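Participant: Mind looking at a prediction? Sequence and model below.
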Amino acid sequence: MIATSPRFPVRFVALAAIFFAVLVAGFAQAAERVAVTIQVTDELSGSGLEYSMVTNVDVGMDGLTVMRRVVSTDVDSYPGAGAFVKSIAGVAAPRDAFWALSIDGERSSVGISEIVVDRQMSIEWNLVRLGVE
């Protein structure tokens with residue numbers, strides 16, 4: 001009988017350790033998700049677009065993937081330069097404007113495809129005229 005086998009405690013302990021390791025690994029993965037706020041504002045073209053959403057994403061996800069999960073985002077991709085956002089939520093930037101990216105309120109020096117989520121953050125887009133900050 002298993003109950004009287006001297007190996008039962010060893011097997012039980014081994015199975016319990018495996019179960020515990022899997023359980024801890026599951027919690028560790030869940031802890032690697034963070035909240036990202038996406039805000040999109042168009043005060044330029046007259047579309048009236050104002051969009052704001054908070055989503056939980058995996059740490060290490062790139063910004064373009066995050067954007068595409070929550071709002072329609074059309075881009076042109078350039079080798080070595082990344083993605084250039086042409087339109088968000090169906091609103092295209094006019095010829096004399098562009099979608100300006102800010103991270104946590106600071107204008108980004110890199111494009112959305114170069115942003116890597118490593119903490120809770122805010123991704124903000126504003127439609128602005130060329131040459132105007």
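Facilitator: Yep, it's here.
Participant: For the residue lying closest to I123 once chain neighbours are set aside, give me its contacts.
Facilitator: Nearest residue to I123 in three dimensions, chain neighbours excluded: I38, at 5.1 Å (CB to CB, 6 or more residues apart in numbering). No exception for glycine: its C-beta is placed from N, CA and C like everyone else's. I38 makes contacts with 51-55, 66-67, 70-71, 122-125, as judged by CB atoms under 8 Å, 6 or more residues apart in numbering.
Participant: ditto for A83
Facilitator: A83 sits next to L64, V75, D76, S77, G111, I112, S113 when contact means CB under 8 Å, 6+ apart.
Participant: Show me what it is bridged to.
Facilitator: S77 (DSSP bridges).
Participant: what do you get for S122?
Facilitator: Applying DSSP bridges, one finds that S122 bridges with T37.
Participant: Based on its surroundings, how many neighbours for it?
Facilitator: Neighbours of S122 under the rule other CB atoms under 10 Å: 16.
Participant: hang on, it packs against L101?
Facilitator: No. Using CB atoms under 8 Å as the test, S122 is too far from L101 to be in contact (11.2 Å).
Participant: List the buried residues of stretch 92-109.
Facilitator: Under the neighbour-count criterion of 16 or more other CB atoms under 10 Å, stretch 92-109 has A93, A97, F98, W99, A100, L101, I103, S108 buried.
Participant: sorry, that was for stretch 49-65
Facilitator: Those would be L49, V57, M61, D62, G63, L64, for stretch 49-65 by 16+ other CB under 10 Å.
Participant: so of those, which ones are in strands?
Facilitator: Mapping these onto strands (DSSP state E) picks out V57.
Participant: residue contacts, L130?
Facilitator: L130 neighbours (CB under 8 Å, 6+ apart): D96, A97, F98.
Participant: What's the per-residue pLDDT of it here?
Facilitator: Looking at L130, its pLDDT reads 88.
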